[in-house]
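Peer 1: Need the 3D shape of this:
(one chain, ligands or ions: 1)
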Amino acid sequence: MRHRFFVAAAALLLVLSCSPKKRADGPVYLNPEAPLEERVQDALQRMTLEEKVAITHAQSKFSSAGVPRLGIPELWHTDGPHGIRPEVLWDEWDQAGWTNDSCTAFPALVNLAATWDRELSRLYGDCIGQEAKYREKDILLGPGINMGRTPLNGRTFEYMGEDPYLAGQLVVPYIQGVQANGVAACVKHFAVNNQETKRTSTNSIVDDRTLYEIYLPAFKAAVKEGGAWAIMGSYNLYNGQFNCHNKKLLCDILKDEWGFDGVVVSDWGGCRDDDEAAANGLDIEMGTWTNGLSGNASDSYSNYHLAKPYLERLRDGRASEEGLNDKASRVLRTIFRTSMAPEQHFGSFTSPEHFAAARKIAADGLVLLKNDGTLPLQVPQGGKLLIVGENAYKMMVVGGGSSNLKTKYEVIPLDALHEAFDGKADVVWERGYVGDTTTVYNKVVTGQNLADSRSAEQLTAAAVASAQDASCILFIGGLNKSKYQDNEGTDREDIVLPYGQDALIEALAATGKPMVVVNISGSPCAMPWADKVNAIVQGWYGGSESGHALVDVLTGAVNPSGKLPFTMPLALADGPLKTPRQYPGIKEEGNKWWQEYYDEGVFIGYRWYDTKNIPVQYAFGHGLSYTSFELADASIKRSGSGWTVSATLRNTGEVAGAEVVQLYISDTEASVERPSKELKGFEKVYLGPGESRRIEMSFGKDALSFFDADKHEWVAEPGEFHALIGFSSADIKADLEFSI
Ligand code: BGC
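Peer 2: Residues are numbered from 1 along each chain as shown. Predicted structure coming up:
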């Protein structure tokens, strides 16, 4: 890594030490002031065939080669969406054991999505971009924006919810923030990659309407509005072809239809075929065969699909040099946009500002699902606040797969509660259940000891006994990042809380004490006890500052304003995936891969529950506040070629707070079956007590359209529509009819 940096620095010094006239006379590719495309073409024509091939595949676990002879540095890739992965050994997943690479852990992307706040997404991107820059990384492997098709997907916590518009709106500022630092955001995992079960052997069979309406829009926004410089292909197949070299997705849609000029990076080990890798839009092959130097063929990197086999094809004419030039240009463009960009800075790492941003994002994404006034917590002076649950204590930054981080510190909820109630109340913790005792991932350790030999009965009895003289019970449980929970590589088996937590919550609720439940998870969980407790907070994996952020909301220091980015169903069986052919896929005769039929079409998440009138526990977009809001005087008018809705939002309560005003469009008469409503706009508005503001949201015909697969175009059919404005998909305050 250092070597790469010095090569770049030397090349830049060479340029900078010349007079302006001389610099213009020097090699164009080294001139940071020359137009990007001229630099790319100049470098390209100086490179040999072998050098061009060398930059299209990995040279280590997380780097791909540069052109040392020309002073063009390597590209350094890093996970992930939530912080900068610790330095790894050259050829392995495990951390290298450096002592200066403990990062700021930012909240999981689902937590960011729950803020519904574009500015916070920009802040997140900017901060993580600075951390990447400081660590001399050029490509940040994130953000992830696959849609929440099933609540079981093990990576739901790494994504931005179940709605393409919400994810699209939030991914754009994140990318812009990252890339403002000269670091490429690598948006993943492209595309229709919605489960971890059999993730490398499942063929997603999706009709074009569903593809274009649900699974592509956030990626399109990332490319066309966010200007993403990199995209990662996903592990699965789509229409029978692996997505890291899927012609339709990469060549036809991404590069031709959307005009993507960046680099397509394979997921680690996602490249599977010599010919397709050469022909179908993949630009950098990464991670093929883990332990590349010694695990398989000798010197595996040279045996990558885009290494020797590609060279052979180029030499005997089976692959075209034009194709190679396209790949190499894209890699060079990425280098000139990042480590050889005109404006260089060193970034910043673990700054107080980054931790403050992490805390703010974590807190603003917490969702108050239910509250009868028990929150903010009021504990009488000297009273006992009983905390129950493993997640009050367990560190969560370590684990979960490639988003695993080594952070400088992580504030657990219990410590933050002790801090907040110091001298005011007696904070007592009972574990209540033993869940996951893992404390290490890829050789990153938390340092906690989670061993506990007590039986479930003993743990429950201890918690219930301790509740007897408590003023209030605060249960902090949910999921964690171990296998079959919120975890890469495996899906969940159900949405029921694990480790007998439902029974424990019921037992605690039966004591009659005021009780608050904090569910920490990255994906939807069933809450059959919801009516028996006084308040519920949906917490997430909040990163370094998670404990502080949670306690900020519990004590009222921060007024909750998060909104669910996915539906919280009552039960898994209520959802749209009913058959094995939908999920997890079926084996069909003569086909090597699991076939997975997206029979539910566009009806996922609230599009399914709302249209089919299926009751849910908490609706998409739901989230309460410690204040109350009123929406009045809603109206709609034509503006330009579209429409503008406006309404007055008033904070009718006693404290300052924020509401997310959501705009859904409903098409009442259409030639195809459409969801009863679809999110097409939102504004997060902060108001002081008694304050009001007029809000406007505009939309065009595209917000009314469906994708006509036969015509291959978006169609807005004439007729009646409704603009629905409200505080969640189930809480509509105004229904404005209009027509085209
Ligand atoms: C994951 C990617 C990740 C890559 C590198 C893969 O297993 O799917 O999201 O960026 O590994 O760690």
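Peer 1: Around the ligand, which positions in the stretch 401-550 of the chain sit nearby?
Peer 2: For the stretch 401-550 of the chain, the residues in contact with the ligand (C-beta under 6 Å from any ligand atom) are Ser402. (C-beta placed from N, C-alpha, C; glycine too.)
Peer 1: Would you map the strands across the stretch 401-550 of the chain?
Peer 2: Applying DSSP state E, counting those that start in this stretch to the stretch 401-550 of the chain gives strands spanning 426-430, 440-441, 444-445, 472-478, 515-520, 535-539.
Peer 1: now those strands as JSON lines including distance to Trp76, mean pLDDT and mean neighbour count?
Peer 2: Output for the strands of the stretch 401-550 of the chain, formatted as JSON lines (distance: least, C-beta to C-beta, whole Å; pLDDT from 0 to 100; neighbours: other C-beta atoms under 10 Å):
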{"stretch": "strand 426-430", "distance to Trp76": "42", "mean pLDDT": "98", "mean neighbour count": "18"}
{"stretch": "strand 440-441", "distance to Trp76": "21", "mean pLDDT": "94", "mean neighbour count": "17"}
{"stretch": "strand 444-445", "distance to Trp76": "19", "mean pLDDT": "95", "mean neighbour count": "16"}
{"stretch": "strand 472-478", "distance to Trp76": "35", "mean pLDDT": "98", "mean neighbour count": "27"}
{"stretch": "strand 515-520", "distance to Trp76": "33", "mean pLDDT": "98", "mean neighbour count": "25"}
{"stretch": "strand 535-539", "distance to Trp76": "33", "mean pLDDT": "99", "mean neighbour count": "26"}
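Peer 1: between the ones you listed, which one is nearest to Ala319?
Peer 2: strand 440-441 (39.2 Å; C-beta to C-beta).
Peer 1: Next up, phi/psi of the nearest residue to Arg155 once chain neighbours are set aside, please.
Peer 2: Nearest-residue entry for Arg155: Glu488, 5.6 Å, with adjacent residues in sequence omitted and distances by C-beta to C-beta, 6 or more residues apart in numbering. Glu488 adopts backbone torsions of phi -70, psi 140, taken as degrees, to the nearest 10.
Peer 1: Quick one: neighbours of Lys247, just the number.
Peer 2: 14 (other C-beta atoms under 10 Å).
Peer 1: again with Trp93
Peer 2: 18.
Peer 1: I figured it hits Asn442, correct?
Peer 2: Yes - look at Trp93 against Asn442 with C-beta atoms under 8 Å: they come within range, at 5.3 Å.
Peer 1: count of residues packed around Tyr310?
Peer 2: 25.
Peer 1: Quick one: residues contacting it.
Peer 2: Shown in contact with Tyr310 (C-beta atoms under 8 Å, 6 or more residues apart in numbering): Val53, Thr56, Asp274, Ala277, Ala278, Ala319, Leu324.
Peer 1: And the furthest pair within these?
Peer 2: For the contacts of Tyr310, and using C-beta to C-beta, no pair is farther apart than Asp274 and Leu324, which are 14.0 Å apart.
Peer 1: higher neighbour count, the two?
Peer 2: The neighbour comparison of Asp274 against Leu324 (other C-beta under 10 Å) goes to Leu324, with 22 against 19.
Peer 1: you'd agree that one is in a strand?
Peer 2: No - counting by DSSP: H, G, I helix; E, B strand; the rest coil, Leu324 falls outside a strand, being helix.
Peer 1: so how far is the ligand from the residue most central in space within the chain?
Peer 2: The residue lying closest to the centre of the chain (C-alpha atoms, centre = their mean) is Tyr159, at 3.0 Å. With distances taken as C-beta to the nearest ligand atom, to the nearest Å, Tyr159 is found 11 Å from the ligand.
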